[in-house]
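Novice: when you get a sec, could you give me coordinates for this:
(one chain, ligands or ions: 1)
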Amino acid sequence: MKTKVLILGAGFGGLELATMLSEEVADEVEVTLIDRNDAFVFGYSKLDVMFGREQMADTRLPYSKFVKPGVRLLREEITAIDPEQRRVTTDAGVHEADVLVVALGADYDIEGTPGLAEHGNEFYSFAGAETLTGVIADFTSGDAVIGVCDAPFKCPPAPSECALLLHDDLVAKGVRDDCTITFVLPLPSPVPPSPEASKVIAGELEDRGVRFVPGRRIASLSSGVTVLDDGTELPFDLFLGVPKHRAPDVVIESGMTEDGYVPVDFHTLKTSFPGVYAVGDVATAGVPKAGVFSEGAAKVVARSIIADLGHGEPAEPHKGQGACYIEFGFDRVARVDIDFLSGPERTGSIQAASKEFVAEKEEFGSSRKARWFGI
Ligand SMILES: Cc1cc2nc3c(=O)[nH]c(=O)nc-3n(C[C@H](O)[C@H](O)[C@H](O)COP(=O)(O)OP(=O)(O)OC[C@H]3O[C@@H](n4cnc5c(N)ncnc54)[C@H](O)[C@@H]3O)c2cc1C
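Specialist: Numbering: from 1, shown residues only. The predicted structure follows:
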């Protein structure tokens, strides 16, 4: 009898987990990977699309190219999860599993910020980023506000990157002096686990004349004005927002969440339900919400499943280590190395922005493209 592994969500976590199981124990497992979409897109491609550096169609990696022995990838909408029975309902039927892995990411709660949908723009969804391509291209004078509606949110450096890239865009158009940029962030600094990286990014913002407002979140928007959580009003002509995040409704309705996300053992990614793991943005796992950490968590779960099948060493605890590439504008990328779980304290260090890291970031994407999609 093969072990039935059911993986919900074919994002960073789901793709890596299915790939490892296929590589190492394809003959002993029956892996079913379910996603509602027909393609995977790297989160950072949203910045490329909104600033006109890439077309959305070119960023899509079709799931039809994800072909792995022992794995079937189904395009279905997950409508209910029963973690006690390890039974999942979709718009196409019911799936049962010996091992269930929830890797459904985080959703956006656009309505959670009054006025965001009507008066602002968000750049965290693919549709939002695509809409912004034209909006940013047409913005040539006035006040721009980049605002984060709440924490936690995916890829903590991304809104800082957005501010730096917007400056670049305005300089390239020759209109920087006709515009202001204000950046509102609920965190105390751009990358809290790394004071060193935060200092460098804050310095870059200052050098570009970006007004940085840390420790505040966007509370609401009306026509041309956003209100912060302390009542401060900021006028804007262009609003680029990061919406509130939450676990997908189907996960909340399953009863698995606490404080909005699925609690797991930080080192094993096990939930309180036997045979059920949660990896990536959907979990409270002691690490930031970023693809590199979802992938790292998936590797630990894969090792654990493989060890339970009697192969290899027992899984090592999740160390919460990963490198984040930060766009600094003007074709430069910096690298921040984060370590959240291996020692007594979280640490983070930054390596200065350079063209070499542009190439390394490209390699980060192309290596995953090749590994998961064979392209
Ligand atoms: C602007 C931006 C820049 C970023 N830059 C980086 C970066 O440089 N480096 C980095 O590491 N991370 C980056 N990220 C974050 C990264 O994209 C996410 O953290 C990562 O994708 C999370 O992986 P995951 O596997 O947990 O979930 P996801 O990759 O979000 O995958 C979840 C999957 O579940 C599917 N799903 C959800 N609900 C259902 C349902 N009901 N039925 C069926 N399928 C469903 C979704 O379609 C999705 O494919 C960035 C994000 C943004 C927005």
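Novice: where do the helices of the protein begin and end?
Specialist: Taking DSSP state H as the criterion, the chain carries its helices at 12-25, 45-50, 56-59, 116-119, 126-138, 158-173, 195-207, 249-253, 291-308, 355-368.
Novice: single out the most deeply packed of those.
Specialist: Of those, the one with the most neighbours on average (mean count of other CB atoms under 10 Å) is helix 12-25, at a mean of 25. The C-beta positions use only the backbone N, C-alpha and C, and glycine is treated the same way.
Novice: quick revisit: now the helices of the chain in JSON lines, with mean pLDDT?
Specialist: Conversion of those to JSON lines gives the following (pLDDT from 0 to 100):
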{"stretch": "helix 12-25", "mean pLDDT": "98"}
{"stretch": "helix 45-50", "mean pLDDT": "98"}
{"stretch": "helix 56-59", "mean pLDDT": "96"}
{"stretch": "helix 116-119", "mean pLDDT": "98"}
{"stretch": "helix 126-138", "mean pLDDT": "97"}
{"stretch": "helix 158-173", "mean pLDDT": "98"}
{"stretch": "helix 195-207", "mean pLDDT": "97"}
{"stretch": "helix 249-253", "mean pLDDT": "98"}
{"stretch": "helix 291-308", "mean pLDDT": "98"}
{"stretch": "helix 355-368", "mean pLDDT": "97"}
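Novice: so which bits of the chain are right by the ligand?
Specialist: 9-14, 34-37, 43-44, 46-47, 77-78, 103-105, 124, 154-155, 158, 248, 250, 280-281, 289-292, 294, 324-325 (CB under 6 Å from any ligand atom).
Novice: which residues in the stretch 51-200 of the chain form strands?
Specialist: In chain order, the stretch 51-200 of the chain shows strands spanning 61-62, 71-75, 78-82, 87-90, 93-96, 99-102, 107-109, 121-122, 142-148, 179-185, with DSSP state E, counting those that start in this stretch as the criterion.
Novice: just say which of those is most tucked in.
Specialist: Most buried among the strands of the stretch 51-200 of the chain, given mean count of other CB under 10 Å as the contact rule, is strand 99-102, at a mean of 28.
Novice: who touches that one?
Specialist: Taking contacts as CB atoms under 8 Å, 6 or more residues apart in numbering, the residues outside strand 99-102 that touch it are 3-9, 13-14, 17, 81, 83, 86, 88, 251, 256, 262, 271, 273, 275-279, 282-283, 298, 301, 305.
Novice: hmm, try it at 6 Å
Specialist: Counting by CB atoms under 6 Å, 6 or more residues apart in numbering, strand 99-102 makes contact with 5-8, 86, 275-278, 282, 305, all of which sit outside it.
Novice: quickly run through the sheet partners of that strand, with directions.
Specialist: Paired neighbours of strand 99-102 in the sheet (DSSP bridges): strand 3-8 (parallel), strand 276-278 (parallel).
Novice: mean neighbour count and mean pLDDT for those - can I get that in JSON lines?
Specialist: Output for these, formatted as JSON lines (neighbours: other CB atoms under 10 Å; pLDDT from 0 to 100):
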{"stretch": "strand 3-8", "mean neighbour count": "23", "mean pLDDT": "98"}
{"stretch": "strand 276-278", "mean neighbour count": "27", "mean pLDDT": "98"}
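Novice: list the residues that contact the closest residue to the ligand within the stretch 201-350 of the chain.
Specialist: Evaluated by CB to the nearest ligand atom, the stretch 201-350 of the chain has Gly280 as its residue closest to the ligand, separated by 2.1 Å. With contact set as CB under 6 Å, 6+ apart, Gly280 has these partners: 13, 103, 294.
Novice: in the stretch 101-250 of the chain, which residue sits nearest the ligand?
Specialist: Closest contact between the stretch 101-250 of the chain and the ligand, by CB to the nearest ligand atom, is at Gly105 (2.5 Å).
Novice: OK, contacts around the closest residue to Val242 other than its chain neighbours?
Specialist: Beyond its immediate neighbours in the sequence, the residue positioned closest to Val242 (CB to CB, 6 or more residues apart in numbering) is Val148, lying 4.3 Å away. Applying CB under 6 Å, 6+ apart to Val148 gives the contacts 159, 185-186, 242.
Novice: now with 8 Å?
Specialist: Residues near Val148 by CB under 8 Å, 6+ apart: 159, 184-187, 217-218, 241-242.
Novice: list the contacts for the residue lying closest to Glu24 once chain neighbours are set aside?
Specialist: For Glu24, the nearest residue in space outside its immediate sequence neighbours is Ile306; the separation is 5.4 Å by CB to CB, 6+ apart. With contact set as CB under 8 Å, 6+ apart, Ile306 has these partners: 20-21, 24-25, 312.
Novice: repeat that with 7 Å
Specialist: Counting by CB atoms under 7 Å, 6 or more residues apart in numbering, Ile306 touches 24-25, 312.
Novice: do the same with Arg75
Specialist: Counting by CB under 7 Å, 6+ apart, Arg75 makes contact with 35-36, 38, 63.
Novice: give the contact list for Val250.
Specialist: Residues in contact with Val250, defined by CB under 7 Å, 6+ apart, are 78-81.
Novice: if we use 10 Å, what do you get?
Specialist: By CB atoms under 10 Å, 6 or more residues apart in numbering, the residues touching Val250 are 8, 77-81, 88-90, 102, 104, 107, 256.
Novice: these two touch, right, Ile326 and Ala158?
Specialist: Yes. Counting by CB atoms under 10 Å, Ile326 touches Ala158, with 8.8 Å between them.
Novice: what sits in contact with each of these two?
Specialist: Each of Tyr44 lies in contact with both Ile326 and Ala158 under the rule CB under 10 Å, 6+ apart.
Novice: what sits against the nearest residue in space to Glu313 that is not next to it in sequence?
Specialist: Closest residue in space to Glu313, ignoring its immediate chain neighbours: Ala307 at 6.8 Å, by CB to CB, 6+ apart. When contacts are counted by CB under 10 Å, 6+ apart, Ala307 is found next to 313-315.
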